[in-house]
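Asker: Sequence and predicted model, in that order:
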Amino acid sequence: MIIVGGDRGAKSFIALACNVLLLVMAVFIISHGVNPVLVTIIGTIIFCQITLIYQNGHNLKTYAAVISVVGVILLLSLLVSILGTKSNLGGYSELDLSSELSVYLSPNININMNQLMICMIIISLLGAVMDTAMAITSSLYEFNEVNSELTFSELVRLGFNVGRDILGTTVNTIFFATIGETMMIGILFIKNKYTFESVINSKEFYKNLFDLVISNIGCLLIIPISIFICTYMIKSNNSFIKKVKDYCQKMSNEN
């Protein structure tokens, strides 16, 4: 990373190490009984601080990306909480119950499995959402730097042009990642002669399908949300945005 990216590569490596440490701490805290959803939301804010602000600096595009990511994560947490709880998605699947995991490890760990499931899904899509948000806000910021005469609607239109290009590759990335993770499960279903009805009604299949669908919803939501938030922050002149711009300018000058 350092050879290819230079100073930015070094920052990326440090950010990666910090994220690994933060994730280990989050698992440790959850294992001691703290609400997994609360830990995940707080962790998301810190992840954004490390991954976005530390690597890209204090500027409007970075803050717009952070606000967009946190907003999408809150919306998805609510959606996953409602659908996951109603469908009893948390806990062991039928494949887990038939494996050595259920024989040697006790499932009675005093943690709400539905809340833990929300935590797992949110963390699994966080990288793709942050990447998409930063790509969108960086593009809009550069468009405005090249031509500051662009109106709000013109900048939004350009943002959606970029978003459509990003959407296809992002969705495919999530799809292939999910397929790669579940390939062994698919082979197990085939080898054990599961019927089509058994597969689509299995908890393991539903878990992976649910994860894939929520991840894609997150990537869909982040595009318009980041476009409108970033465009508003670039074009708005209200007192709050002026303070943010002044703060970003001050931090840039110090660096």
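Answerer: Yep, that arrived.
Asker: Which strand or helix spans the residue lying closest to Cys219 once chain neighbours are set aside?
Answerer: Nearest residue to Cys219, sequence neighbours excluded (C-beta to C-beta, 6 or more residues apart in numbering): Thr170, at 4.8 Å. C-betas here are computed from N, CA, C, even on glycine. Assigned by DSSP states H and E, Thr170 belongs to helix 152-191.
Asker: next one: the helix or strand that comes right after that helix to chain centre, how far?
Answerer: Scanning forward in sequence from helix 152-191 by DSSP H and E, the next helix or strand is helix 196-200. Relative to its chain's centre, helix 196-200 lies at 30 Å (C-alpha atoms, centre = their mean, to the nearest Å).
Asker: Would you mind listing the buried residues in helix 196-200?
Answerer: Residues of helix 196-200 classed as buried by neighbour count (16 or more other C-beta atoms under 10 Å): none.
Asker: show me what contacts Leu76?
Answerer: Leu76 is in contact with 121-122, 125, 214, 217-218, 221, counting by C-beta atoms under 8 Å, 6 or more residues apart in numbering.
Asker: List just the nearest of the residues you listed to Ile185.
Answerer: Using C-beta to C-beta, the shortest approach to Ile185 within those belongs to Ile121, at 16.9 Å.
Asker: and the closest one, how many neighbours?
Answerer: Neighbourhood size, Ile121 [other C-beta atoms under 10 Å]: 23.
Asker: That one contacts Ser81, correct?
Answerer: No. Assessed by C-beta atoms under 8 Å, Ile121 is found out of contact with Ser81, at 10.2 Å.
Asker: With adjacent residues omitted, what lies nearest to Met1?
Answerer: Per C-beta to C-beta, 6+ apart, closest to Met1 is Gly9, 4.1 Å.
Asker: One more: Val162?
Answerer: Ser139 (4.5 Å).
Asker: I'd like the secondary structure assignment at that neighbour, please.
Answerer: helix (DSSP: H, G, I helix; E, B strand; the rest coil).
Asker: Check it and give its pLDDT.
Answerer: Here, the pLDDT recorded for Ser139 equals 91.
Asker: Burial check on the residue nearest to Met1, number of neighbours?
Answerer: Neighbour number of Gly9 under other C-beta under 10 Å is 13.
Asker: Against Ile50, how distant is it?
Answerer: Gly9 sits 16 Å away from Ile50, taking C-beta to C-beta, to the nearest Å as the criterion.
Asker: what do you get for Val162?
Answerer: Relative to Ile50, Val162 is positioned 25 Å away (C-beta to C-beta).
Asker: ok, now Ser87?
Answerer: From Ser87 to Ile50 the distance is 33 Å (C-beta to C-beta).
Asker: again, but for Thr151
Answerer: Computed with C-beta to C-beta, the distance linking Thr151 and Ile50 is 35 Å.
Asker: And Ser138, by the same measure?
Answerer: Counting by C-beta to C-beta, the gap from Ser138 to Ile50 is 18 Å.
Asker: Please, where are all the helices along this protein?
Answerer: Taking DSSP state H to define them, one finds helices in the chain at 2-31, 36-48, 55-56, 60-86, 94-97, 100-104, 113-146, 152-191, 196-200, 203-235, 239-254.
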